[in-house]
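Visitor: Everything below, folded, please.
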Amino acid sequence: MGTPPENDPAGEPDSSTARRGRSASTPPMGWNSWDCYGGSVREAEVLANARYLRDHLLPHGWDHVVVDIQWYEPTADTAGYHEGAVLDLDANGRPMPSVNRFPSAADGAGFAPLAARIHEMGLRFGLHILRGIPRQAVAQRLPILGTDWTAADVADHDHVCPWNPDNLGLDHEHPGAQAYYDSLLARFAEWGVDYVKADDMLAPYHAAEIAAFSRAIEASGRPMVLSLSPGTDLGLEHLDHLVQHSDVWRISDDLWDRWPLVYDQFERMARWAPHAGQGRWPDADMLPLGRIGIRAHGGDDRRSRLTRDEQRSLMALWAMARSPLMFGGDLPSNDDWTLGLLTNDALLAITKDSVDNRQHRREGELVVWTASSGDGRIRYVAQFNLGDVPADSTVQAAELGTDADDLVVDILGSGTPVRLGVSRRTPLPPHGCVLWAISSS
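Guide: Numbers count the residues shown, from 1 in each chain. Below you'll find the predicted structure:
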């Protein structure tokens, strides 16, 4: 596998060893099926969300449509994962979309027809895949494409996913393990996949697996964003390797619509955000907003339980940290308020083009983040109250490197410009925030 490159003082990897074909020059933005449909999403639902994305969000930069886990299981439902379920595989042990859920996949077409329809809308197509090789392929000793080996020759029975029974691990001491991943990613390239969410990669950290997956993407000849999950207790000691082999990596477990989970992301993103940049995006996970839980595993059909103040704070942190933005709700069920939050171009500009993003200071439950626009003309300041009672947050013009006469606009508020002043004191509700754009007068 080789030794990961040493970082220079700015944290950039040696370009001679960085993964080629990166297509995530900015944080990916789009829709993912997990929060509302769990493992049971159907083709018609994917297309309905894609059409909404095209019609309402594409003009604002949202362009990914990602089918999450279990697309190869015909019996997938809300009950979680089914041990021993018969999966749809091709003759070489590679997952195929279940035709009863994805009718266009009939006759071996796989996801190619659905990806083509997504592309015709001007969108990008993504899918989820689990680390390893299907147990079913191992039991049937299915051949690995282009080799004399079978799935049984490369299976690792000791390093398996602890929460999903579909796969065994891969023995990366055996060359057939790389051959299997090469065949899998070649199939994804044939289908026209643009984004791969590879799961069970980071907890524990599977370095050989990540490198093999990255090599397979390169060998496929098609640029694909590689997003790694789930990120439990992910540490900065893996930064060099992550930058070398992936584009996006999760920094937490799944995020759901509860304030304590959002609260915990502030500390994590304070560690990771300074290391974000082109093709290297720490991911605070999907946005559990709008209507979620429709057929989620163990969930219920509901509107997000986060208050509007909490949703504003979530969006402000994700933007200031330049996390990918993957909406988890059912887009056709959106209300106007949620749509307004997702189409706030001043907010989205921070995600797309900002620098020096970092936590400026934290005093108890009062947190201040700062960043600048890519051209240096705008200074962004986010003030958060993470506490359960109202509180006032104060920033000084001098500490922000700005002048008292500069104009400030609350991106999440009225949008009316006012003078910054020498000191600005802002009352904040519980779990609330204010996000300023500061420009010279």
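
Visitor: so how far is Pro282 from Leu236?
Guide: From Leu236 over to Pro282 the distance is 10 Å, taken as Cβ to Cβ, to the nearest Å. (Glycine included, C-beta is placed from N, CA and C.)

Visitor: Mind checking which of those two has more residues around it?
Guide: Pro282 (27 against 13; other Cβ atoms under 10 Å).

Visitor: Pretty sure that one sits against Ser323.
Guide: Yes. Pro282 is within contact range of Ser323, at 6.7 Å (criterion: Cβ atoms under 8 Å).

Visitor: intersection of neighbour lists for those two?
Guide: Taking Cβ atoms under 8 Å, 6 or more residues apart in numbering as the criterion, Pro282 and Ser323 both touch 269, 276.

Visitor: just the strands in the stretch 51-200 of the chain please.
Guide: Ranges of strands in the stretch 51-200 of the chain, per DSSP state E, counting those that start in this stretch, are 64-67, 124-130, 133-134, 155-156, 167-170, 195-199.

Visitor: Can I get these in a markdown table including mean pLDDT?
Guide: Listed next are the strands of the stretch 51-200 of the chain as a markdown table, based on pLDDT from 0 to 100:
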| stretch | mean pLDDT |
| --- | --- |
| strand 64-67 | 98 |
| strand 124-130 | 98 |
| strand 133-134 | 98 |
| strand 155-156 | 98 |
| strand 167-170 | 98 |
| strand 195-199 | 98 |
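
Visitor: mind checking which of these is nearest Tyr180?
Guide: strand 133-134 (5.8 Å; Cβ to Cβ).

Visitor: which helices and strands sit right next to that closest one?
Guide: helix 151-154, strand 167-170 (3 or more Cβ pairs under 8 Å, 6 or more residues apart in numbering; DSSP states H and E).

Visitor: Same list (the ones you listed) but as CSV, adding distance to Asp55 and mean neighbour count.
Guide: Formatted as CSV, those follow (distance: least, Cβ to Cβ, whole Å; neighbours: other Cβ atoms under 10 Å):
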stretch, distance to Asp55, mean neighbour count
helix 151-154, 43, 22
strand 167-170, 37, 23
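
Visitor: and these as TSV, adding distance to Pro230?
Guide: Below are these laid out as TSV (distance: least, Cβ to Cβ, whole Å):
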stretch	distance to Pro230
helix 151-154	24
strand 167-170	15
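
Visitor: before we move on, back to that, okay, the strands of the stretch 51-200 of the chain, which one's buried deepest?
Guide: strand 64-67 (a mean of 27; mean count of other Cβ atoms under 10 Å).

Visitor: who touches it?
Guide: So strand 64-67 is contacted by 28-33, 41, 46, 49-50, 53, 111, 118, 123-128, 194-195, 197, 326 (Cβ under 8 Å, 6+ apart).

Visitor: how does the protein divide into domains?
Guide: 29-352, 360-439 (automatic domain parsing).

Visitor: Pretty sure Ala371 sits against Val355.
Guide: Yes. Counting by Cβ under 8 Å, Ala371 does reach Val355; the two are 6.8 Å apart.

Visitor: Do a quick rundown of the helices in the protein.
Guide: Taking DSSP state H as the criterion, the chain contains helices spanning 34-37, 43-52, 112-120, 135-139, 151-154, 175-191, 207-220, 239-245, 259-272, 308-320, 336-342, 345-352, 397-400.

Visitor: wait, which of those is closest to Asn100?
Guide: Per Cβ to Cβ, nearest to Asn100 of these: helix 43-52, 10.0 Å.

Visitor: Quick check: closest non-adjacent residue to Leu331.
Guide: Sequence neighbours aside, Tyr52 is the residue nearest to Leu331 in space, at 3.9 Å (criterion: Cβ to Cβ, 6 or more residues apart in numbering).

Visitor: That neighbour - how many residues pack around it?
Guide: Applying other Cβ under 10 Å, we find 19 residues neighbouring Tyr52.

Visitor: who are the neighbours in contact with it?
Guide: Neighbours of Tyr52 in contact, by Cβ under 8 Å, 6+ apart: 331-332, 334.

Visitor: By neighbours, which of the residues you listed wins?
Guide: Busiest of those [other Cβ under 10 Å] is Leu331, holding 24 neighbours.

Visitor: got CSV for the contacts of Tyr52, with distance to Asp405 and pLDDT too?
Guide: Formatted as CSV, the contacts of Tyr52 follow (distance: Cβ to Cβ, whole Å; pLDDT from 0 to 100):
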residue, distance to Asp405, pLDDT
Leu331, 42, 98
Pro332, 46, 98
Asn334, 40, 97
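
Visitor: between those residues, which is nearest Tyr380?
Guide: Using Cβ to Cβ, the contacts of Tyr52 come closest to Tyr380 at Asn334, 26.1 Å.

Visitor: wait, what's in contact with that closest one?
Guide: Applying Cβ under 8 Å, 6+ apart, the residues near Asn334 are 52, 56, 290-291, 342.

Visitor: what's the most distant pair in those residues?
Guide: Longest span within the contacts of Asn334, Cβ to Cβ: His56 and Arg291, 14.8 Å.

Visitor: returning to that earlier point: if you count surrounding residues, which of Ala371 and Val355 has more?
Guide: Between Ala371 and Val355, Ala371 has the larger neighbour count (other Cβ under 10 Å), namely 22 against 13.

Visitor: Quickly list what that one is bridged to.
Guide: Tyr380 (DSSP bridges).

Visitor: And for Val65?
Guide: Beta-bridge partners of Val65, as defined by DSSP bridges: Trp31, Phe125.

Visitor: How about residues contacting the longest strand along the chain?
Guide: Criterion DSSP state E: the longest strand present in the chain is strand 354-363. Applying Cβ under 8 Å, 6+ apart, the external contacts of strand 354-363 come out as 266, 269-270, 273-274, 276, 320-322, 350, 367-374, 380-381, 399.

Visitor: go again using 6 Å as the cut-off
Guide: Outside strand 354-363, the residues within contact range by Cβ atoms under 6 Å, 6 or more residues apart in numbering are 270, 273-274, 320, 322, 368-374.

Visitor: Asp403: neighbouring residues, count only.
Guide: 15.

Visitor: next one: the one 10 residues further on
Guide: Other residues near Gly413 come to 11 when the count uses other Cβ under 10 Å.

Visitor: circling back to that earlier point, pick out whichever of the contacts of Asn334 sits closest to Pro430.
Guide: The closest of the contacts of Asn334, once distances to Pro430 are taken by Cβ to Cβ, is Gly290, at 22.1 Å.

Visitor: for that closest one, what are its contacts?
Guide: Residues near Gly290 by Cβ under 6 Å, 6+ apart: 329, 334, 338.
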